[in-house]
Structures are given as C-alpha cells and as structure tokens.
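S.K.: Turn this into a model:
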Amino acid sequence: MAESSSAMDSSIDSPVTKTSQFPPTRQEAEEWVPSKQVKLIIVGQLIVVFVVAIDLTILTATLPTITEALGATAVESFWIAASYLLANAVVQPLMAALADIFGRRSSFLTALLLFTVGTVVCCTAKSVSAMLAGRVIQGVGGGGILSINLIIFSDLVPLRQRSKYIGMVLMVSALGLNIAPIIGAALLNSTWRWLFVSAVW
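M.R.: From the prediction side, this is the model:
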C-alpha cells in the first residue's frame, strides 16, 4: 500500500514520458518527443527562469535612484543589490535536497511563492530594512527556482536530449541578465517600484 502511494506521488511530481525500460535504450532516447504536457512545463520553466534572471541585474542601473528614495547609505545600497545574490546562491543546495524530500512540484511552488512575496515586500518597501528583507526573501525563492528547474529538466528529458533543453535555459537566463539593466532604466521614467511590479506580472 505504501509503495503504491509512493509511486503515485512520484508520477504526479514528475510526469516523465514512460519508456519500455529504464534507463531507455539509445534508440528510444534519440526518438524521444516531448508530450504536450511536457512542452507546457518546459515553456513555464523558461518563463520563470527569465523573470528570476532579470531580477539578478535589474538594479544595476537603478540602484542610485532607489538609494536616494530610501535614504540609504553606501553600505546599505551595496547590500540591497548583494543580499539577493547571496541568498540566491546559498539556498540552492538546500532547495535541491528539499525537492528530493517533499517532491518537485511542492518545492517549486514554495520557491515561486517566496519569490512573489519577496517581490511584493520590495515593491511596497518604505525603508531600507524592508527592502533588504524583501530582497533576501526574493533571493531564497529565486535560488530555489533555479535549482529545482534543473532537477525538473533532468526528470523530464532523457540524457541524450538534455543538452538542448539545458541550452534553452541558459540562453533565456543570459537574455534576462543582459536586458535587465535596460528594462530597469526604462522603468525609472515612472517610478522605481515598477522594477518589482513587473516581476510579479
């Protein structure tokens, strides 16, 4: 009974296309075609990774404006940018372990929720402390998303096809990292809070 329940949870968390044997043969791996469900999962993952990548560098051109608006010191302004990156990096190994314990879907949705909550806190921040707290929460969620994203791709895609899809993730991430400062500078024409509102949308 316990084994059947465990198998059911595994199939819900990881909708991998079944093959005749595991691991699949070379011919099966080369002929693998993603189902419609898998394609939707891949597209969703790429969109989320793009948003997280944007938040990594969106403050590059806009940090002086935010620092002035919040009355932050030079050290505080440094941590407004660095706290997200630090939290993002530190939490990734932990989130990968939690994904093994609690399942991919629940862990990924938790990371997505944390990222959204952190974004809302940053958007409504009226002090440096609130901004730092929001950036740390954002970083924890973003790090979890990036870590579990690769695990999900490993579950879905056979090894021989995986490099192509991981390449898509890296391409989307690089695009987000490079255009984020441009987006940030453009959004400053209205208010710096739009930098975070755009991530929630």
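S.K.: who touches the spatially most central residue of the chain in this structure?
M.R.: When CA atoms, centre = their mean is applied to the chain, the residue found nearest the centroid is residue 145 (3.3 Å). By CB atoms under 8 Å, 6 or more residues apart in numbering, the residues touching residue 145 are 48, 49, 52, 108, 111, 112, 115. All C-beta atoms are positioned from the backbone trio N, CA, C, and that covers glycine.
S.K.: same check, this time on residue 46
M.R.: 168, 169, 172.
S.K.: Which residue is the nearest non-sequential neighbour of residue 161?
M.R.: Excluding its sequence neighbours, the residue lying closest to residue 161 (CB to CB, 6 or more residues apart in numbering) is residue 32, at 5.6 Å.
S.K.: any idea whether that neighbour is helix, strand or coil?
M.R.: For residue 32, the secondary structure call by DSSP: H, G, I helix; E, B strand; the rest coil comes out as coil.
S.K.: Isn't it up against residue 159?
M.R.: No - contact criterion CB atoms under 8 Å: residue 32 and residue 159 do not qualify, at 10.1 Å.
S.K.: between these two, who's got more neighbours?
M.R.: residue 32 (15 against 10; other CB atoms under 10 Å).
S.K.: Could you list the buried residues of the helix or strand harbouring residue 184?
M.R.: Per DSSP states H and E, residue 184 falls inside helix 159-187. Neighbour-count burial for helix 159-187, counted by 16 or more other CB atoms under 10 Å, picks out 161, 165, 168-169, 172-173, 176-177, 180-181, 183-184, 187.
S.K.: one step back: against residue 36, how distant is the residue nearest to the centre of the chain?
M.R.: Remark: distance between residue 145 and residue 36 (CB to CB, to the nearest Å) = 23 Å.
S.K.: circling back to that earlier point, identify the farthest-apart pair in the buried residues of helix 159-187.
M.R.: Spatially, the most separated pair among those is 161 and 187, at 37.6 Å (CB to CB).
S.K.: Which phi and psi values does residue 193 adopt?
M.R.: phi -70, psi -20 (degrees, to the nearest 10).
S.K.: Give me the neighbour count for it.
M.R.: So residue 193, with other CB under 10 Å, has 15 neighbours.
S.K.: Show me the shaky parts of this structure.
M.R.: Along the chain, the model assigns pLDDT under 70 to residues 1-31, 198-201.
S.K.: give me that answer again for 50
M.R.: Within the chain, the stretches with pLDDT under 50 are 1-12, 14-21.
S.K.: Going by residue numbers, what spans are helices in it?
M.R.: 2-13, 26-30, 36-57, 63-70, 74-102, 104-124, 128-156, 159-187, 194-200 (DSSP state H).
S.K.: Can you tell me which of these is most buried?
M.R.: With neighbours defined as mean count of other CB atoms under 10 Å, the helices of the chain peak in mean count at helix 128-156, which reaches a mean of 22.
S.K.: Taking helix 74-102 as reference, get the angle to that helix.
M.R.: With axes from the mean of the first three to the mean of the last three CA atoms, to 10 degrees applied, the angle from helix 128-156 to helix 74-102 works out at 30 degrees.
S.K.: so helix 128-156 versus helix 104-124, what angle?
M.R.: Per the same axes, to 10 degrees, the angle that helix 128-156 makes with helix 104-124 is 160 degrees.
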